[in-house]
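S.K.: Sequence and predicted structure are below.
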Protein chains: 2
Amino acid sequence: MVATSQQNARETDGVEPAAQTLHVGELEICPGEGLALAAGQALMLSVREFDLLVALARQPGAIVAREALYDAVWGAPMRQGDRSVDVYISKLRSKLEQAMPDRRFIHTHAGFGYRFQPQPSRDVDNGPLRGR
Amino acid sequence: MVATSQQNARETDGVEPAAQTLHVGELEICPGEGLALAAGQALMLSVREFDLLVALARQPGAIVAREALYDAVWGAPMRQGDRSVDVYISKLRSKLEQAMPDRRFIHTHAGFGYRFQPQPSRDVDNGPLRGR
DNA sequence: CGCGCTGTGAAGAAGGCGTGAACGTGGCTG
DNA sequence: CAGCCACGTTCACGCCTTCTTCACAGCGCG
């Protein structure tokens, strides 16, 4: 599992070093190795899951559109109606939560995309629309 | 669907594209991303709420008529009697206040429209502007 | 006091999203 | 070579968010 990602060219990546170790919260990700550590514990991720995690973790706090994620992970433009990203977001969430039950990393912005951020201190997530 | 961008063909300079990050008070808005930060914290806004916020924040201090807001967000002329703008103003206020309790951003100018400005807690400066 | 304007909760409809499951494929093992 | 298994993709169902509209309440002014 998790052999590698498809584009490992860490040399000519322009602005940012692509294959550098990423630290987001208590997550540690080595894009070049396909290794992700959650609080020191290795996550068992498939290639798609890992690439998706990397694509998200590269821009912590930013909202990334499905199309952008698909393009980053699948390397092709997303066909309309394709739910692959959603499915893998779900799988990723599941494994992240399993490893770190009290943290939330992936936040949904309906109509926009997903945002990767470790545990917003005050979670404003849809407050006033919940209990009615 | 997710496009959400309104027609802002207002590039005064080649250097300043429309989708640049907006800063108004402690608010930070990225029109292209659907991301709005209140004091560094990400707001959970729907597409309509976000577009409305952008439409307002583009002209800080100016009174923007309902018709103009509707046109900017909905992309169509507002039908008479439509209260959609009011409803979403209310929702926006609610979320902004939840994130920044001590600030007021959206000010009502009865008979004219809404004004977006960080802190003038007193609207005394506009008292007798009623007749038409 | 009546009227126009605004704030806001609620209800119903529509659409987006979460997720289990089925299906197909390729690699590994015996 | 046959069987097993992990992975990726697609489908389908149901919940939840979002959008729209309605209704009622509060407020300032003539």
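M.R.: Now that the structure is in, tell me what you want to look at.
S.K.: what about the helices in chain A?
M.R.: Assigned by DSSP state H, chain A shows helices spanning A:47-57, A:66-74, A:84-99.
S.K.: For A:Val87, give me the pLDDT.
M.R.: If you check A:Val87, the pLDDT there is 98.
S.K.: where exactly do the strands run in chain A?
M.R.: Secondary structure of chain A, counting by DSSP state E: strands at A:22-24, A:27-30, A:35-38, A:41-42, A:63-64, A:106-109, A:113-116.
S.K.: Now distance to chain B, mean pLDDT and mean neighbour count too, for those strands, in JSON lines please.
M.R.: From N, CA and C alone the C-beta is placed, and that goes for glycine too. Below are those laid out as JSON lines (distance: least, Cβ to the nearest Cβ, whole Å; pLDDT from 0 to 100; neighbours: other Cβ atoms under 10 Å in any protein chain shown):
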{"stretch": "strand A:22-24", "distance to chain B": "15", "mean pLDDT": "88", "mean neighbour count": "15"}
{"stretch": "strand A:27-30", "distance to chain B": "18", "mean pLDDT": "94", "mean neighbour count": "20"}
{"stretch": "strand A:35-38", "distance to chain B": "22", "mean pLDDT": "93", "mean neighbour count": "19"}
{"stretch": "strand A:41-42", "distance to chain B": "27", "mean pLDDT": "91", "mean neighbour count": "12"}
{"stretch": "strand A:63-64", "distance to chain B": "5", "mean pLDDT": "98", "mean neighbour count": "22"}
{"stretch": "strand A:106-109", "distance to chain B": "6", "mean pLDDT": "98", "mean neighbour count": "18"}
{"stretch": "strand A:113-116", "distance to chain B": "6", "mean pLDDT": "98", "mean neighbour count": "23"}
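S.K.: how about the ones you listed in JSON lines, adding distance to DNA strand C?
M.R.: Formatted as JSON lines, the strands of chain A follow (distance: least, Cβ to the nearest atom of the strand, whole Å):
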{"stretch": "strand A:22-24", "distance to DNA strand C": "19"}
{"stretch": "strand A:27-30", "distance to DNA strand C": "18"}
{"stretch": "strand A:35-38", "distance to DNA strand C": "17"}
{"stretch": "strand A:41-42", "distance to DNA strand C": "20"}
{"stretch": "strand A:63-64", "distance to DNA strand C": "11"}
{"stretch": "strand A:106-109", "distance to DNA strand C": "4"}
{"stretch": "strand A:113-116", "distance to DNA strand C": "7"}
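S.K.: among those, which is nearest DNA strand D?
M.R.: strand A:106-109 (7.3 Å; Cβ to the nearest atom of the strand).
S.K.: What strands line up against that closest one, and which way round?
M.R.: When sheet partners are counted by DSSP bridges, strand A:106-109 sits next to strand A:113-116 (antiparallel).
S.K.: Pull up the distance across stretch A:46-64, start to finish.
M.R.: The first and last residues of stretch A:46-64 sit 21 Å apart, counting by Cα to Cα, to the nearest Å.
S.K.: Okay, buried residues for that stretch please.
M.R.: Neighbour-count burial for stretch A:46-64, with 16 or more other Cβ atoms under 10 Å in any protein chain shown as criterion, is recorded at A:48-58, A:60-64.
S.K.: Which pair of those spans the longest distance?
M.R.: Spatial extent of these (Cβ to Cβ) is set by the pair A:Arg48 and A:Gly61 at 23.1 Å.
S.K.: Next one: A:Ala57 from B:Trp74, what distance?
M.R.: As defined by Cβ to Cβ, to the nearest Å, A:Ala57 lies at a distance of 36 Å from B:Trp74.
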